[in-house]
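Peer 1: Test case, fold it:
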Amino acid sequence: MAYTIKITNVLSLTHNVKQITTEKPKNYQFTPGQATEVAINKKGWKEEKRPFTFTSLPEDKHLEFVIKTYHDHEGVTHEIDSLQEGDELIIDDAWGAIEYKGTGTFIAGGAGVTPFIAIFRNLEKKGEIGENKLIFSNKRGDDVILESYFNDVLGDNFISTLTHQNIEGHENKLVDMDFLKKHLEDFTQHFYVCGPDAMVKDISKHLEMLGASPEAITFEK
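Peer 2: Next up, the predicted model:
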């Protein structure tokens, strides 16, 4: 089912990431980690649907999306970058395989962190952050989405690594087998992986080689 919703607020989180808040359709439901197909309610864009994750919580009276915009082509996210309060989006029902199954390590690449935002916000609200850990890989320091939030909520369990820049407080390595062995001791825990397809495939393979059960690795199918 399709719903037309009005944008109520647009906030820049980084140089290329927008936080968009919208109205919420009556009785609309999703679980933290899920996404929906989103189109812009403008001529020429209504059929151009792209998947974006909810970063708001199911009980919130609004919906929120954190969206990375790309300017190297005239695509949907480029158009989203110019949206303002009062513009409209078209969304479908929620879907997605990523959901919280218990304490574990979350591994994200770039905008792949978005499903984890709602999960961590939900855990924080319930006082259940516990020993959950986030490994977050980006190219450069100004690419890190919600860095201060993750630092505040996770403390030492937030590990940021940059592949194209060396900055104090961040690792400067790819998330490979050696990286995982350095930062993780227990490979019987839950793992949640989201990012570019090649990254998800490689990390899942590394985790299994280190002893993780395939059933314990959650990613978007």
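Peer 1: burial count for Asp142?
Peer 2: Residues within reach of Asp142, counting by other CB atoms under 10 Å, total 14. Yep, even glycine has a C-beta here, placed from its N, CA and C like the rest.
Peer 1: what's the closest non-adjacent residue to the spatially most central residue of the chain?
Peer 2: Nearest to the mean C-alpha position of the chain, by CA atoms, centre = their mean, lies Thr114 at 1.3 Å. Excluding the flanking residues, the one nearest Thr114 by CB to CB, 6 or more residues apart in numbering is Thr53, at 4.1 Å.
Peer 1: what's in contact with the longest strand anywhere in the chain?
Peer 2: When the chain is parsed with DSSP state E, its longest strand is strand 3-14. With CB atoms under 8 Å, 6 or more residues apart in numbering as the test, strand 3-14 has contacts from 18-25, 28, 41, 62-63, 66, 83-92, 142-146.
Peer 1: ok, Gly102 to Leu174 distance?
Peer 2: 27 Å (CB to CB, to the nearest Å).
Peer 1: which one of these two has more residues nearby?
Peer 2: Neighbours per residue (other CB under 10 Å) separate Gly102 from Leu174, with Leu174 holding more: 13 against 9.
Peer 1: and the contacts of strand 3-14, which of them are in strands?
Peer 2: Counting by DSSP E, the contacts of strand 3-14 contribute 18-22, 63, 66, 88-91 to strands.
Peer 1: Whichever of these end up buried, select them in PyMOL.
Peer 2: Buried residues among the ones in strands among the contacts of strand 3-14 (16 or more other CB atoms under 10 Å), as a PyMOL selection:
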select buried, resi 18+19+20+21+22+63+66+88+89+90+91
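Peer 1: quick one: buried residues of the worst-scoring helix or strand of the chain on mean pLDDT?
Peer 2: Least confident helix or strand of the chain, by mean pLDDT, DSSP states H and E, is helix 76-80 with a mean of 89. Within helix 76-80, the residues scored as buried using 16+ other CB under 10 Å are 76-77, 80.
Peer 1: Just the CA trace of that helix, in PDB.
Peer 2: Taking Å, rounded to 0.1, in the frame of the first residue of the first chain, the C-alpha atoms of helix 76-80 are listed here in PDB:
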ATOM      1  CA  VAL A  76      16.900  10.100  -6.500                       C
ATOM      2  CA  THR A  77      19.200  11.000  -3.700                       C
ATOM      3  CA  HIS A  78      20.500  14.000  -5.600                       C
ATOM      4  CA  GLU A  79      16.900  15.200  -5.900                       C
ATOM      5  CA  ILE A  80      16.200  14.300  -2.200                       C
END
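Peer 1: Check what contacts it and list those residues.
Peer 2: 18, 20, 39-40, 42, 45, 48, 50, 67-71.
Peer 1: okay, the helix or strand where Lys201 lies in PDB with CA atoms only?
Peer 2: Element membership of Lys201 [criterion: DSSP states H and E] is helix 197-209. Output of helix 197-209 as PDB, limited to C-alpha atoms (Å, rounded to 0.1, in the frame of the first residue of the first chain):
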ATOM      1  CA  ASP A 197      27.100  -5.800  -1.000                       C
ATOM      2  CA  ALA A 198      30.800  -6.700  -1.400                       C
ATOM      3  CA  MET A 199      31.600  -5.600   2.200                       C
ATOM      4  CA  VAL A 200      28.700  -7.600   3.600                       C
ATOM      5  CA  LYS A 201      29.700 -10.700   1.700                       C
ATOM      6  CA  ASP A 202      33.400 -10.400   2.700                       C
ATOM      7  CA  ILE A 203      32.700  -9.700   6.400                       C
ATOM      8  CA  SER A 204      30.200 -12.500   6.600                       C
ATOM      9  CA  LYS A 205      32.800 -14.900   5.200                       C
ATOM     10  CA  HIS A 206      35.500 -13.600   7.600                       C
ATOM     11  CA  LEU A 207      33.100 -14.100  10.600                       C
ATOM     12  CA  GLU A 208      32.300 -17.600   9.600                       C
ATOM     13  CA  MET A 209      36.000 -18.500   9.200                       C
END
